[in-house]
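In: sequence and computational prediction follow.
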Amino acid sequence: MDELRGDQAAWVFDGESISIRYETKGWFKSPLLKLLGSVELPVSAVQGVDFLPGAGRKKGWVMNLRMHDRMDPYAAVGAMLDEKSEPFRLTGPAKTELVAEYLADQITFAASQAGPPDPATPTRLVPALPLHIRTCEGTARLEAGRLTLVWGGSYASSYKKKKQRREYDLAEITGVEWMPLDDWGWGFVRFITRKNAEGTSAKPKNDLNLLRAGEEGNEIHQVLLLAAAVTAHRWTLGGATRPVLESGADDTEEAPPGFDDPEWWKEAARNTMEVMRGPRLTLNLPGLGRAKVGEDDPKGPAGAQRPPEVEPAPAPAPDAAPAGADTTWIFEQIERLGDLHAKGLLTDEEFSAKKAELLDRI
């Protein structure tokens, strides 16, 4: 079991899933990740890993998990999140770059070998139901198959207070839009249905499909969690009844009756065309889905000579490893190598060779 501690969270990888525990201490930590607390991410939901050495603060590293389609509800709710609030992004200092790169390689390989993701995976990446949030305009409650908005807050307009509430069947919601705080200190979450998909002329304070959030407390992040949760459960609701198209199947068969969402039909048509063109990534064909980060990145000229003033003694000798050395010991040696390399006591070629030698022992 491999563990990597970064600036935003600690990631623990056991070969099948990534357990992510977000940092909750410190005023500078992301309020969204504090509210989220932790998630358990199956590796089958990961399409690939982008590892960027030297791209972070003070030449630290950056790692991003790229998710399969309909697996990341946070990226599907409208406005782009601030980088420090992205739940599947991790950064760290240069001294742990080797450990982070090793973990990125392990996740990439495991993702390439995993089968198609479980359609219910997104619901395990959001807060559990029932979910209840409160803003200065009102409250929202999400439970199995149903969403209820109640406008009873001090900042609710007289129009909304007169209407009091609105209830949705989850099946009638075709989309969710989240908007961060604007210059006036207001953000919102809007729920789109087939009836209001063309927009509304009502101002946000009078829009009955919208719950506003102010800048007090964590209101804007709470409505983001709500937006992600509605999106995740809406995906699962659609995925439970959609026909699965496989290579060689009759992909011209019509879907079962009862789906009145135009977006559903568009998505079904796109999937059909992909099957007709050839195999899809979700079929887990060998070699697909693996990240190529670093594969074409040369480590230096093969015949480079070591400077005469550098002695090899400070480098941890591979033959000094105990028989059957475990992962912890190897990580410690890699970190020592990284420190020596950062101080200029090892060349790039020596550093790469020692690193590969140690990783071969795992």
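Out: That came in fine, so what should we check first?
In: any low-confidence regions in the chain?
Out: 1, 27-28, 79, 198-201, 239-326, 343, 345, 362 (pLDDT under 70).
In: tell me, what residue is most central in it?
Out: The structure's the chain has its C-alpha centroid closest to residue 88; by C-alpha atoms, centre = their mean the separation is 3.4 Å.
In: who touches that residue in this structure?
Out: By C-beta atoms under 8 Å, 6 or more residues apart in numbering, residue 88 lies in contact with 20, 41, 64-65, 67, 72. Placement of C-beta: from N, CA and C, glycine included.
In: the stretch 101-250 of the chain: helices as residue ranges?
Out: Using DSSP state H, counting those that start in this stretch, the helices of the stretch 101-250 of the chain run over residues 158-163, 219-239.
In: so for the last one, what gets flagged as buried?
Out: Right, helix 219-239. The neighbour-count check on helix 219-239 (16 or more other C-beta atoms under 10 Å) flags 219-238 as buried.
In: tell me, how many residues neighbour the nearest residue to residue 181 once chain neighbours are set aside?
Out: Nearest non-adjacent residue to residue 181, counting by C-beta to C-beta, 6 or more residues apart in numbering: residue 187, 4.5 Å away. Using other C-beta atoms under 10 Å, residue 187 has 23 other residues around it.
In: wait, isn't residue 187 in contact with residue 210?
Out: No. Assessed by C-beta atoms under 8 Å, residue 187 is found out of contact with residue 210, at 10.5 Å.
In: how far off centre is stretch 22-40?
Out: In terms of C-alpha atoms, centre = their mean, to the nearest Å, the centre of stretch 22-40 is found 14 Å from the chain centre.
In: alpha carbons only: can I get that stretch in CSV?
Out: Coordinates of each C-alpha in stretch 22-40 appear next as CSV, following Å, rounded to 0.1, in the frame of the first residue of the first chain:
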residue,chain,number,x,y,z
TYR,A,22,-8.1,16.1,2.4
GLU,A,23,-6.2,18.4,4.8
THR,A,24,-8.6,20.2,7.1
LYS,A,25,-6.3,22.2,9.3
GLY,A,26,-5.1,25.7,8.3
TRP,A,27,-7.0,28.7,7.2
PHE,A,28,-5.4,28.6,3.7
LYS,A,29,-6.7,25.2,2.9
SER,A,30,-9.6,24.8,0.5
PRO,A,31,-13.0,25.2,2.2
LEU,A,32,-14.5,22.9,-0.4
LEU,A,33,-12.1,20.1,0.4
LYS,A,34,-12.6,20.6,4.1
LEU,A,35,-16.3,20.1,3.6
LEU,A,36,-15.7,17.0,1.5
GLY,A,37,-13.4,15.4,4.0
SER,A,38,-12.4,12.3,2.1
VAL,A,39,-13.3,10.1,-0.9
GLU,A,40,-12.6,6.6,-2.0
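In: run through who's touching it.
Out: 7-10, 17-21, 81-82, 84-85, 87, 124-125, 127, 218, 221-222, 224-225.
In: mind listing what's buried along that stretch?
Out: 22-23, 29-30, 32-33, 35-36, 39.
In: farthest pair in the residues you listed?
Out: 29 and 39 (15.8 Å; C-beta to C-beta).
In: buried subset of the contacts of stretch 22-40?
Out: So, by 16+ other C-beta under 10 Å, the buried ones in those are 7-9, 17-20, 81, 85, 87, 124-125, 127, 218, 221-222, 224-225.
In: wait, residue 145 sits on residue 172?
Out: No. Look at residue 145 against residue 172 with C-beta under 8 Å: they stay out of range, at 10.5 Å.
In: neighbour count winner among these two?
Out: Neighbours per residue (other C-beta under 10 Å) separate residue 145 from residue 172, with residue 172 holding more: 15 against 12.
In: how about the contacts made by that one?
Out: 193-194.
In: what's the closest non-adjacent residue to residue 142?
Out: In space, residue 142 is closest to residue 131, 4.5 Å off (C-beta to C-beta, 6+ apart).
In: many thanks, have a good one.
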